[in-house]
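Visitor: Pasting the sequence and the predicted coordinates here, then a few questions.
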Amino acid sequence: MTSNNLFIQIKTCIMENLNVNKSSSANEADVFPGKLQRRAFLQYAGASAAALALTTAGCKKDRSPILSFGATLDFKDDFGVLNYAYALEQLEAAFYTQVAANPPANFTTAQRNYFQDVQYHEIAHREFFKKALGTAAIGSLEVDFSSINFSDGASVLAAAKTFEDLGVAAYNGAGVRLKTDAYLVIAGQIVSVEARHAAWVRDQISNGSFSDLNDLTALGANVAGGLDGALTPDKVLNAASKFIKTKINVINL
């Protein structure tokens, strides 16, 4: 299968989901196909044989969701891990979309452009997981960004650093739980992009700090030997809880 045909199949699958997902904003639905160019889409959504396997599996919608109050992450199988990633990508997409729509006045041009670009990456990640999960996907999370001053560049960059560092540690910590090779490939492709985000944001806050791997040690991440931090889902969700209003239930962890 050519990369062009692969791109068309994945994009069609995701765009079908955008059409039925009325909870996505009109702006996102309009911006996603128009702004996310082919090369960027292939890079950030992980277009490969593994990506096709993941997406087409989700398009079958052959798995029933767990019904409960809030959102339930059931780690008994790979779908629990994918929903976990989906929840974090929802959080990041919501954050970057809000910043891109109204960036702080003291942002540089480069910073404005960064947040414009990365919102499309995070939307791609979010919609990719949603379509792959099909009916097994958790619902849309209600976020709480009241602790972030969106008019202040320093506050926004600090929040971005928190989200990106936490996201990288989350993928690193969850990879061991995946049993399907194709899913592990996808996680590896996405976490590499999140790590690039984290490095860029760090340098905006303090030039040269892009490779500092020690900030998550206070949360229990083991950082040594040039390896980035990894956190278990319970620690990640606890750290992210201040930004999420929706109750998240975790079982079989």
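Guide: Now that the structure is in, tell me what you want to look at. Bear in mind that the values here come from a model prediction, so they are computed numbers and not experimental data.

Visitor: packing partners for whatever helix or strand residue 115 lives in?
Guide: Using DSSP states H and E, residue 115 maps to helix 109-133. Where contact means 3 or more Cβ pairs under 8 Å, 6 or more residues apart in numbering; DSSP states H and E, helix 109-133 is packed against helix 3-20, helix 26-35, helix 38-45, helix 49-59, helix 78-101, helix 153-174, helix 181-205. C-beta here means a position set from N, CA and C on the backbone, and glycine is covered the same way.

Visitor: can you rerun that using 7 Å?
Guide: helix 3-20, helix 26-35, helix 38-45, helix 49-59, helix 78-101, helix 181-205 (3 or more Cβ pairs under 7 Å, 6 or more residues apart in numbering; DSSP states H and E).

Visitor: Poorly predicted segments of the protein, please.
Guide: Residues of the chain meeting the criterion pLDDT under 70: 1-69, 208-227.

Visitor: Could you rerun that using 80?
Guide: Counting by pLDDT under 80, the chain contains low-confidence ranges at 1-69, 207-229.

Visitor: Between the two ends of stretch 124-142, how far is it?
Guide: End-to-end distance for stretch 124-142: 19 Å, by Cα to Cα, to the nearest Å.

Visitor: and what of stretch 167-180?
Guide: 21 Å.

Visitor: which residues are in contact with it?
Guide: Taking contacts as Cβ atoms under 7 Å, 6 or more residues apart in numbering, the residues outside stretch 167-180 that touch it are 75, 78, 81, 84-85, 88, 92, 184, 187, 190-191, 194-195, 198, 216, 221, 228-233, 236.

Visitor: Buried among the residues you listed? Need that as a selection in ChimeraX.
Guide: For the buried members of those, the matching ChimeraX selection, counting by 16 or more other Cβ atoms under 10 Å, is:
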select :75,78,81,84,85,88,92,184,187,190,191,194,195,198,216,221,228,229,230,231,232,233,236
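
Visitor: quick revisit: let me know the angle separating the helix holding residue 115 from helix 181-205.
Guide: Helix 109-133 and helix 181-205 meet at an angle of 160 degrees, taking axes from the mean of the first three to the mean of the last three Cα atoms, to 10 degrees as the criterion.

Visitor: For helix 109-133, buried residues please.
Guide: Those would be 111, 114-133, for helix 109-133 by 16+ other Cβ under 10 Å.

Visitor: again with stretch 243-253
Guide: Neighbour-count burial for stretch 243-253, counted by 16+ other Cβ under 10 Å, picks out 243-244, 246, 248.

Visitor: now those residues in CSV, with secondary structure and distance to residue 101?
Guide: Shown next, in CSV, are the buried residues of stretch 243-253 (DSSP: H, G, I helix; E, B strand; the rest coil; distance: Cβ to Cβ, whole Å):
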residue, secondary structure, distance to residue 101
243, helix, 18
244, strand, 20
246, coil, 22
248, strand, 26
